[in-house]
Structures are given as structure tokens and as C-alpha cells.
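> just to be clear, the model below is a prediction. Sequence and coordinates:
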2 protein chains.
Amino acid sequence: METCPKCATPTSVIRAGMIRGKVRFYCKSCDYHFTQEHSLKPSPQKQVHTTIKDIAQLMGVSIATVSRALNNKTDISPNTRDAIQKLALELDYNPNLFAKGFQRGETKTIGVVIPNIKRPFFAGVLSGIQEVANDHGYRVMICQSNESYETEVTNIQGLLASHVDGLLISHSKETTRFNQIKNLFDKGLPMVHFDRICTEVETPKIRQEDFEGAYQLVEHLIQQGYQRIAILAGPPELLISQKRKEGYINALEKHGLPLKPEYMAHGDFSKEFALASVDAWQKLPEPPDAIFAIHYLNAVEIIQYSKELGIEIPKQLGIVGFGDEYLAEIIEPALTVFHLFPQKVGEVAASLLFDVISKKHASQQEDVLVQGQLIIRKSSLKKA
Amino acid sequence: METCPKCATPTSVIRAGMIRGKVRFYCKSCDYHFTQEHSLKPSPQKQVHTTIKDIAQLMGVSIATVSRALNNKTDISPNTRDAIQKLALELDYNPNLFAKGFQRGETKTIGVVIPNIKRPFFAGVLSGIQEVANDHGYRVMICQSNESYETEVTNIQGLLASHVDGLLISHSKETTRFNQIKNLFDKGLPMVHFDRICTEVETPKIRQEDFEGAYQLVEHLIQQGYQRIAILAGPPELLISQKRKEGYINALEKHGLPLKPEYMAHGDFSKEFALASVDAWQKLPEPPDAIFAIHYLNAVEIIQYSKELGIEIPKQLGIVGFGDEYLAEIIEPALTVFHLFPQKVGEVAASLLFDVISKKHASQQEDVLVQGQLIIRKSSLKKA
DNA sequence: ATGAAAGCGCTAACAG
DNA sequence: CTGTTAGCGCTTTCAT
């Protein structure tokens, strides 16, 4: 309470509005009006965060008033509002977003689970997600599974404990059981799958042109005159692996080329496996004259290795891959690829998630295909 | 309240302990004991999150008891504890970490501000940060400044609003004003700088061997017999740019080579600038016979461009760079680099931050140097 | 136009 | 051993 500067009676003083950031008081006993600066900066504020309570005390108003002022609500006098906003600025107050979300039961945070940040594809996706999330006023929490199912489960558990408002997932290559995901989906947690999707749950899924890209790559090889095309695929359980293989098979069939099991290798994307496959193929009575590596890094490794072996590219061996990095352009001969657009994938995935979140219903099956692009370079130009 | 199954009087029934997950009741009016299953799963729980309140109601105990049970506190009977934990498991309850941190005034979240996730260096750093944060039970919130000062300020503001418990920062290349950072530091927010550090605030800083690496690279060039070594540096304001240039200058001086201003270019890391510099150097009466590009991508670009121009590497022109990517190994000729260890940088930065956080004091100046490694490849081997 | 009070999920005294 | 209560920062009725 204030003390009247005239009669020194504290009890009879009441606040009587505000004027230019100063609080006006009125002493009932001596009928006297006076103003007073709010006692600003009581101590060099050593706390990291200012709260509305701090502001309220400094201003001599209630926290409710401060809240109203800071949120530009209607029921508030412009004077008070301005004064409070000015003070808030001075104290560089920023609201505790979690306290804010607390009541609404939301955190304005989404969770992302990916196999590995370091892989350029996922880094690109993240970048896209970030951007869209920012635009929507959401923050992003990222977890890496490192391709381990167990870690993935733990990650999701952790994100859940953080009460994320939604989840974006690309599964580890180990993941084959989806009950955790299914469970969350059933509980109504907004969720979107991308890249390494899961068909057992009816979430929206962002796919890329795995089938289409593979088809185009292989068709391009055929048009260049390659006849014995091998595929270096990934783990058979992985959907992208299946899809790309399907595209490969389809292209061969469409063009009347035989399907030879000995030309199809399923590996783990490792360099060792890639080189071993090349070795194995070279020992065949009829070695392949082109290789489609579904993982771009394997394609690059094969180019390097082939050069070591003295195999001429693209003359003796054509090579194409999936996914475009700077690397594909730099290596010699430059690698023909089906370019994916990781950033775009992230953007689309995040947008879709926010759709689901805002509609406040469980995710609806809704597949989106992010288009890719065939980029032809030297590694497959037999005719040139 | 429960109703006595014998006398149907609800008012006189009291809880009388627990047995095997069932609640025991005692009816005072008819002196009758009975047990009852907690009325599990009242509806197929359609809410995403179970709360301790839900559990408390189902078990017929107070929320305090549930809290104690779930946190393995002492003052609780094993029976009750086990029953509660079992139920919590069934309902797959997980605590709202934010509500938990709310009182303690902490969020168990740290913020990271970097220029760009997509750059392999930062992706590596992030990976290291993630790992350490996970071990400490912290979550990570990532923001990209996209090399914009304004975005950086907004990002930090946002992280602050999220009440992160600490901050890891690598500044944008535009950033030259640090009052925001200084302000937060003064308020006691735990903070650690890495890579793009800022000398104006006494935070712990994770540096890399910028000076040392540059020195080693240039010395190596000199030992290979190169005499006219040019440097393609970055923005002069950028500390890593300064440090690497100092290393360059020092090595030249140590070996009695002249410093020629026309051999020193300050650019923005763009490809255009890199190629333009090469052009300019070639037009000199005495063109350089080696180039030290402080950014590895520029080094790669210069190799490509030199080949186009018909300049022989390493014979006519030696090239070395900073930072090692797969690219450096793949390009022909392979690039001599000073290898940085991004993951390590992330790990060290995060560890240091958690030190500061746990000690609950403002960050103390404490510099850590993450060691790098000279990797010699063909692009600089004039003698070979 | 403003204040008082409840409540979001949880923990931590304080009582029994 | 267990229940009651206050409070973290904020919004939101409900009074005034």
C-alpha cells in the first residue's frame, strides 16, 4: 500500500488509475490526488525470466490486468495497456510458453524421429520441418534412432513424456514392429510418416517417387543400350528398398528384359557389401553391364572401386543411383541420379502434421507423393 | 464413495487398505469388509496422456500417494507402491515432464542455435550434442539462423520463451553485435559458444585448431616446395577466418616467405567468389603456385575449376582446405585437409554446458580446444 | 476497466 | 504410511 504524502495515512489511499506510466493515487482522508513512478528496477534483475507477477507488482496492478494487457485483450484501458507493454519491453519480459500451453494441454512443440541427422537427406528434411514449424509458431524436438529399434522406442517415449503436440517419424531400418506407434495413433496423437514409412498404421504418409524414380533410371539405362542391369538394393524389409526394386523389375519387364536373381543383391547399404557385390557380379559368366544402386553412396563407392579395377565407366559399366548430393556431381564420371528433394519432404510432412493438429482429429490416411527428378550425367551415357 | 454391497449404505464405507491391487473397504454400519477392483478402463481411454489424477481416482488414493509411488519415494507401503506402479504401466502413464520442471523452474531442455543444419559440420555437431544431452536426460531444441543476424535474434528469443535451461550457440556470419547474448549472460543463463564464437562475452568457448591447422597446412605446402601460397579466406569479421589467416601468415613468416596482399582474398565462401579469385590470381604477373582455401567447399570448387582451365594439380597448383568431408576423399586429385571433428565439438560443448547448468552459476570463461588432424592427400603432393 | 480465484500436472512441505 | 495444501506462470471466468 502507498502512503499519502500529505496526511501520511496509508490505509485510506486507493489506486486511482494511471497516467503516462505513472500510477495515480487518491487519499480518501485528505481528498488528495498524487502520482508515483512504479518503483522500477528494485535490484539489477538477476533472474533470467521476468514473470507477469513481477510486472504486476511493479505496476501496482493485478496479474490478470497484466495478462490482458500483454495479450491485447479488449477489456482494458489503452493507458494501462500501453504502460504495461512499455514496462514489459523494458524488462524484456517474455512469456513462459510452457506455462501458457499448460492449461490448453499443449506444448507448441512437435517431435521428430529420424535415423540419423548426419545423413544429408535427413538434414535436408529437418531443415524443411524447421521452417514450416517456425511459421506455425511451433518448436521442434529432434531425436536420432541411429537405426536402432530400441533407441527409436525410447525416443518416442521421451517425446511423449515431453508432451509433444505431434510426431513426425521416419523409422529405423531395424524397425519391423509398430505396436507402439499404433497405440499412440489409436490414442489420437497427431502423427505423420515420411520416407521410412509404416503401412500398418493409417497415418498420412509422405512418400517419394521410389518406384517411379527407379523405373526412370532403369529405363534410361535400357535406352542407353545396357542389357544386363543389376540392382544393389537395401534390406528387403525396408519399404523404399521394395519400391525401388519394384520399379527396377517393372522397367525390365516392360522392355522385355529377363529378370535374373543373380543380378539382385540385398544388402545393408554398407561399403563392404557394395564392393563385395561388385566382385561377385564380376565373377559371373555374364557380368552385368550396368548397376543401379538404390543408395547414392553405394553408387559412388562402386564408381571408385570400378576405376580401381580398371573397369571403364560408362563404357563397360553404367552406374546410376538414387538421391542427389553434391558428391554425385563432383565424382568422375559424374553420377546419373534420381534427385530427391529432402527439404520439400520435410516441408510437406510438417504441413500435413499441422493440418492434423489443427483439425484436432486423429491422423487420416492421406498419402502425398513428393516428386523427384531424373538427372542424367556421364556415368550412364554409353552412347555419348 | 463406495456403496456397501451388504447394507447399501454409502456413507459409512471407508477405505481400509489395499490387497493385491484391489482396494479393501470396510462398512462401519454393518461391520462388513469387502474388496473391489479399481474400476479400470472406464472407457477405452481416448486421451493421449494419463495423469496421476486419473490413477489416483482409479486406485482410490490421493494424488500425493501416486506421486510418491511413481517416484519411488520412501514413505510408502510396498503394496500400494506396487499396485500403483502396475496400474501406471497398464495405462502406460508417462509423467508430464513440463509440469514436473515447472515448479523447479527448469525445462530439461537446452537450445541450440546454428547457422544451418544442412552443413555437414553442423550436422555432426548436433549429433554430438544430442548424444550428450540424452545421457543427461535433457532434450534439445534446434534453431537455424540461416546466417541471418535477425533470424538468430528471433531464434534466441524463441528459445528463451521456451525457457530452455541453457544455450549452445554458433553465430551467423552476419552477427557482429552481441548485446542480446551479453544480456542473457548477465542474467545468468548458462551458455556455451562453439565454432563461431564471440569474444565479447565471457562464456566458455569451444574452439577448433583454426590457427594450428592453418599453420600446419601452409607449412606442409612450403615443405612440398610451394613458394607463392595464396589464401582464400572468409569474411574478415569472422573469427575462424581471422585465426586461419593468422596461421597462414605465421607459417609464411616462420619460413621466411614474403606476405603478399595480392595473395590474400576475403570472400563470402561463395563459389562465385572462389572462382573469381582464381581468375584474378591467374592474371597476376606471378600467379600463386598453391592455394589455401579456408572453406573446404571452396577448395573442391577450385580443384574442379582448375581442371577446366587445364591447370595441373598438384604440379602447377597445390590446393589445401579445411574441414574434411567424404567429398575431399573422393574428388580427384583427393584434397589435403585439416580434419575437424564436428561430433567431438558437439560433445564437448554440451558437456561443458551441463557443467555450467549443474553448478548453477553463470558460465565461466573456460576455453576448450578440440584437436584436429592434418590429412595429406594428392592435391598438395608436388614432390611425389 | 480491473481484481479475485480457479485450474492445468506435478512435487514438496506439513499434518495426521 | 497417507492425505491436504500450496504453488510453479499463465489464462480465464466471475465478480465488482
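Yep, it's here.

> up against DNA strand C, what does the stretch 51-200 of chain A have?
Listed as neighbours of DNA strand C in the stretch 51-200 of chain A under the rule CB under 7 Å from any atom of the strand: A:60-65, A:68, A:74-77, A:79-80, A:99, A:102-103, A:105. Quick note: C-beta positions are derived from backbone N, CA and C, even for glycine.

> list the buried residues in the lengthiest helix in chain A.
Secondary structure of chain A per DSSP state H: the longest helix is helix A:342-359. Within helix A:342-359, the residues that qualify as buried by neighbour count (16 or more other CB atoms under 10 Å in any protein chain shown) are A:342-357.

> now do stretch A:304-314
Buried-residue list, stretch A:304-314, by 16+ other CB under 10 Å: A:Q304, A:S306, A:I311, A:I313, A:P314.

> what does stretch A:93-105 give?
Under 16+ other CB under 10 Å, the buried positions of stretch A:93-105 are A:Y93, A:P95, A:N96, A:L97, A:F98, A:G101, A:F102.

> kindly report the same for stretch A:58-78.
Here stretch A:58-78 shows A:L58, A:M59, A:G60, A:V61, A:T65, A:V66, A:S67, A:R68, A:A69, A:L70, A:I76 as buried, counting by 16+ other CB under 10 Å.

> turn these into TSV, columns for pLDDT and distance to A:G158.
TSV is the format used below for these (pLDDT from 0 to 100; distance: CB to CB, whole Å):
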residue	pLDDT	distance to A:G158
A:L58	89	39
A:M59	88	40
A:G60	89	44
A:V61	91	40
A:T65	93	39
A:V66	93	35
A:S67	93	32
A:R68	92	36
A:A69	92	37
A:L70	92	32
A:I76	87	41
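
> which ones among these lie within helices?
A:L58, A:M59, A:T65, A:V66, A:S67, A:R68, A:A69, A:L70.

> distance check, the second one against A:T50.
I take that to be A:M59. 12 Å (CB to CB, to the nearest Å).

> the third one too?
Here the criterion is CB to CB. By it, A:T65 lies 16 Å from A:T50.

> how about the residue of the stretch 201-350 of chain A found nearest DNA strand D, what does it touch?
Going by CB to the nearest atom of the strand, DNA strand D is nearest to A:A350 of the stretch 201-350 of chain A, at 24.7 Å. For A:A350, the contacting residues are A:I110, A:G128, A:I129, A:E131, A:V132, A:A133, A:H136, A:L168, A:V192, by CB atoms under 8 Å, 6 or more residues apart in numbering or on different chains.

> okay, it: pLDDT?
At A:A350, the pLDDT value in this model is 96.

> for it, which non-adjacent residue is closest in space?
Leaving aside its sequence neighbours, A:A350 sits nearest to A:V132 (CB to CB, 6 or more residues apart in numbering or on different chains; 3.7 Å).

> quick one: the one you found and A:L352 touch, right?
No. Using CB atoms under 8 Å, A:V132 is not in contact with A:L352; the gap is 9.6 Å.

> nearest to DNA strand D among the buried residues of stretch A:58-78?
Nearest to DNA strand D among the buried residues of stretch A:58-78 is A:S67, at 3.5 Å by CB to the nearest atom of the strand.

> isn't A:V348 up against A:Q371?
No. Judged on CB under 8 Å, A:V348 makes no contact with A:Q371 at a distance of 10.6 Å.

> give the contact list for the nearest residue to A:A293 once chain neighbours are set aside.
Excluding its sequence neighbours, the residue lying closest to A:A293 (CB to CB, 6+ apart) is A:A299, at 3.9 Å. Counting by CB under 8 Å, 6+ apart, A:A299 touches A:I291, A:A293, A:I319, A:V320, A:G321, A:F322, A:A328, A:L335, A:V337, A:S379.

> export those residues as a markdown table, with columns for secondary structure.
Shown next, in a markdown table, are those (DSSP: H, G, I helix; E, B strand; the rest coil):
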| residue | secondary structure |
| --- | --- |
| A:I291 | strand |
| A:A293 | strand |
| A:I319 | strand |
| A:V320 | strand |
| A:G321 | strand |
| A:F322 | strand |
| A:A328 | helix |
| A:L335 | coil |
| A:V337 | strand |
| A:S379 | helix |
